[in-house]
Every structure is written in C-alpha cells, then in structure tokens.
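Colleague: need coordinates for the below:
(one chain, ligands or ions: 2)
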Amino acid sequence: MAWERNVVLKSPAELEIMREAGRINASALAAVRAAIQPGVTTAELDAIAEAVIRQAGGKPAFLGYPGPTPYPATLNTCINEEMVHGIPGERKLKEGDLVSIDCGTIFQGFVADSAFSIGVGQVSPEVQRLLEVTEESLRLGIAQMRSGNRVGDVSAAVQRYVESHGYHVPREYTGHGVGRKMHEGPQVPNYGIPGQGMVLRPGLTIALEPMVLVGTPHTRVLADKWTVASVDGSLTAHFEHTVAVTDGDPLILTLP
Ligand code: MG
Ligand code: MG
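Modeller: Ligands and ions are numbered 1, 2, ... in the order given. Predicted structure coming up:
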C-alpha cells in the first residue's frame, strides 16, 4: 500500500499546531450544527463554516482540493443516502433528514479533518439508531489508537461494532493519516483484522472516519462526480475526528 510510505510522525510542537487547527475546525462545525434546521440550505451552512475558519486565521482545507474538478466548497454536506463528498448548494434541509457535515481546516500549514452527522428536527428511530451506532463506532476505534496497537485493531473495532448492529462499512473509502497534507499514510479502513497492519507510534496523526450504511456496503458516485451515495438509496452516516497517538491515551485534536 503506497500510503504506508507516506507516514509522517509529528513533533510535540507540530501537534500543538494541529490541535489549534482542530479547535478552529471544531468551532466551524459547532456553528454549522447550531444553524441546522428545516429550511436552511447547505450553501448557507458552507458560508457559515468558511467565515468561522477565516476569522480564526485558518483556511478551508477542502476548497480547491484536486479531484474530477477542483472541490468548490468548504464543507462536504451529505443528506440521507449521500455518504461523503457532497457539494453544498441550494438544497434545503427538511424535517427528518439525516445530514452529514465534513470539514477541514488548514492552520499554519497543518490540516485538521472532522465530521459529524445529525438529524434535522424530529427524526425516525432508525435515523437515531444509525447516528448512535456510527458515533459509538468512532469512539471505539479511537480507543484502539494506542502506541503498539496496529491499524487493524482500530479498523476491526469499528467494523465489529457496526456489523453487530446489522449495518455495513464501505470498502472504497477509508480513514487516513493527516498532517501537512490532508491525506497521508497510513490508510485506516473501517474494516480489518486485529493484529494486522502498521504498528501505531506516538506522533502519528490519523483522521478516523467511520462511514456506515444501512443497506449494503456498496456505493456509487453521483453525476456531479464528487458525491458518494449508497448504491441502494439506504441511509448512511459519518463521524470523524483527527486523533494523535501518544505515549498514553489517544488525543483527539478536533474537539472544541
Ligand atoms: Mg473529513
Ligand atoms: Mg478525512
């Protein structure tokens, strides 16, 4: 795996910068969260996030990101069956929707990357359960991010929990190392085998991002060439934190 050659351990000073990037990113996500309600457009949410990031001296990490076309926005906004990489626009959120918001911030040359999903207004018990399972799978994965453990321990913790609830994880989209570049090594899938993969070391910074699908593990890319959705139209959710491996407990860099 080519990504394994692209692993960069960060110094304590670099981790401090990444923590600040993570704080700014968390502020942007908190402002977006507070604005989520029926009737708001995803473009309006995008403008809120960009303003918070720029006012804090950061830059949106996704804006201009290379792809089929340079990525045009600060956020990825995904509704219901959309899983990741949704482009904000004029679509209005509706009562009962499940919306996923992914945001990246560059501060002093380092990237922080984090996402959450949330129900809009009153949601069905199915949406609520999917949200809870996905968020808990992130927590369980992070708990495995300890020096000496392996990438497979993290991946397996996510997969085991998600699949024990009858849900699925995609194979084509994964977590990743993050630092001066948004995507560094190692690749951290949401599926794996305990005891396999790269050994985790202090200074490693990983964006762990469980994506969970209700129907099948399979996805498709929509006509805008960016948005990834479940192939069967079933609901999906996505949570992500940027986390540093330390000598002790994992350090979540993208908390407020
Ligand atoms: Mg992200
Ligand atoms: Mg990411």
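Colleague: pLDDT score assigned to the closest residue in space to residue 104 that isn't next to it in sequence?
Modeller: Nearest residue to residue 104, sequence neighbours excluded (CB to CB, 6 or more residues apart in numbering): residue 61, at 3.1 Å. For every residue, glycine as well, the C-beta is placed using N, CA and C. Model confidence at residue 61, given as pLDDT, is 98.
Colleague: would you agree residue 61 is in contact with residue 105?
Modeller: Yes. Contact status for residue 61 versus residue 105: in contact at 5.8 Å, counting by CB atoms under 8 Å.
Colleague: the two: which is more packed in?
Modeller: residue 105 (33 against 24; other CB atoms under 10 Å).
Colleague: distance from the chain centre to the helix or strand containing the more buried one, please.
Modeller: Element membership of residue 105, judged by DSSP states H and E, is strand 98-107. From the chain centre to the centre of strand 98-107 is a distance of 7 Å (CA atoms, centre = their mean, to the nearest Å).
Colleague: for that strand, which strands pair with it and how are they oriented?
Modeller: Note on strand 98-107: by DSSP bridges, its sheet partners are strand 59-60 (antiparallel), strand 75-79 (antiparallel), strand 110-119 (antiparallel).
Colleague: turn these into TSV, including distance to residue 133 and mean neighbour count.
Modeller: Compiled in TSV, the strands paired with strand 98-107 are given as follows (distance: least, CB to CB, whole Å; neighbours: other CB atoms under 10 Å):
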stretch	distance to residue 133	mean neighbour count
strand 59-60	29	20
strand 75-79	17	26
strand 110-119	11	24
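Colleague: of those, which is nearest ligand 2?
Modeller: strand 110-119 (4.2 Å; CB to the ion).
Colleague: any regions of this structure where pLDDT drops low?
Modeller: 1-4 (pLDDT under 70).
Colleague: name the next helix or strand downstream of the helix or strand hosting residue 206, please.
Modeller: Element membership for residue 206 (DSSP H and E) is strand 205-208. Following strand 205-208 in sequence order, the next helix or strand is strand 211-213 (DSSP H and E).
Colleague: what residues does that next one touch?
Modeller: Outside strand 211-213, the residues that touch it by CB atoms under 8 Å, 6 or more residues apart in numbering are 83-84, 130, 133-134, 137, 162, 167-170, 173, 190, 219, 230, 234-238.
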